[in-house]
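>>> My questions are about this predicted structure, shown below with the sequence.
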Amino acid sequence: MSKGTAFFKGLLLSGLFFLVLLVLVPSCRSQVDPYALELAPKEYFQRGIEASDKNNYRLALKYYDAYLQRYPWQPEDTENLELLNSNLWAKYEIAFAYYKMNKDRTSVELFEDLLDFYESLQERKDIDSNLITQGPQILSGLVLEKIRNRNPKAFEAPEPTATP
C-alpha cells in the first residue's frame, strides 16, 4: 500500500475525512456575484425568484439590485414603459425581501419610496399612467398594512443616537 493510500485510509477511518469534506467542499464552490454577470433582464428576475424561494433573501436582493444597476429607467425614458414597469417590480421585490427578513423599518422606507414614486409618475403628463403596472403599488400597500399590524413602531422615525 502506498503512503498516499495509507494516509487517506487513515483519514477515512478516523472520521477526519468527512470533517475535511464538510469544510473544504463548500469553500471550493464559487460564490455567485450577480453584479459580475451579464444576464438578460428576465434572467435577473428568475434568479432572484429562485433565491427567494430558497429563503436566500440576501442573494435575491443582489440580483434585483444588479438588475436595477444594469437596466436603470431614466425619467426622460418616457417611451420605454416596459423598462419602467420592470424597475417598479424590482424595487417592490427588494422591499419585499427586507420584509421577509423582518427588517421592517427598511422595508417600510422602501415601500413608501416606491409609493411616492408612483405618485410622481401619476403627476407626469408625458407618461400614460394607464400603461404603468399597478401590481407593485397595490402589493406595497397590502404589505405595509401587514407591517403596521405586526410592528407599528416600524413607521416611527428612529430615535437619534447620542454622540459622545
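Happy to help now that I have it. Remember, predicted model here, so these are calculated numbers, not experimental data.
>>> where's the residue nearest to the spatial centre of the chain relative to Thr106, distance?
Taking C-alpha atoms, centre = their mean, the centroid of the chain lies closest to Leu61, which sits 1.7 Å from it. Separation of Leu61 from Thr106 (C-beta to C-beta, to the nearest Å) stands at 11 Å. No exception for glycine: its C-beta is placed from N, CA and C like everyone else's.
>>> list residues touching both of the two?
By C-beta atoms under 8 Å, 6 or more residues apart in numbering, Leu61 and Thr106 have these common neighbours: Tyr98.
>>> Excluding chain neighbours, what is closest to the residue nearest to the centre of the chain?
Closest residue in space to Leu61, ignoring its immediate chain neighbours: Ala97 at 5.0 Å, by C-beta to C-beta, 6 or more residues apart in numbering.
>>> and the one you found, what is it in contact with?
So Ala97 contacts Ser52, Tyr57, Ala60, Leu61, Tyr64 (C-beta under 8 Å, 6+ apart).
>>> pLDDT score for the fourth one?
As predicted, Leu61 sits at a pLDDT of 98.
>>> Touching, it and Ile94? I think so.
Yes: with contact defined as C-beta atoms under 8 Å, Leu61 reaches Ile94; the gap is 5.9 Å.
>>> Mind jotting down where the strands sit in the protein?
Taking DSSP state E, the chain contains no strands at all.
>>> which residues of it score low on pLDDT?
Within the chain, the stretches with pLDDT under 70 are 1-31, 162-164.
>>> And for Tyr35, the neighbour number?
Using other C-beta atoms under 10 Å, Tyr35 has 11 neighbouring residues.
>>> Appreciated, that's everything.
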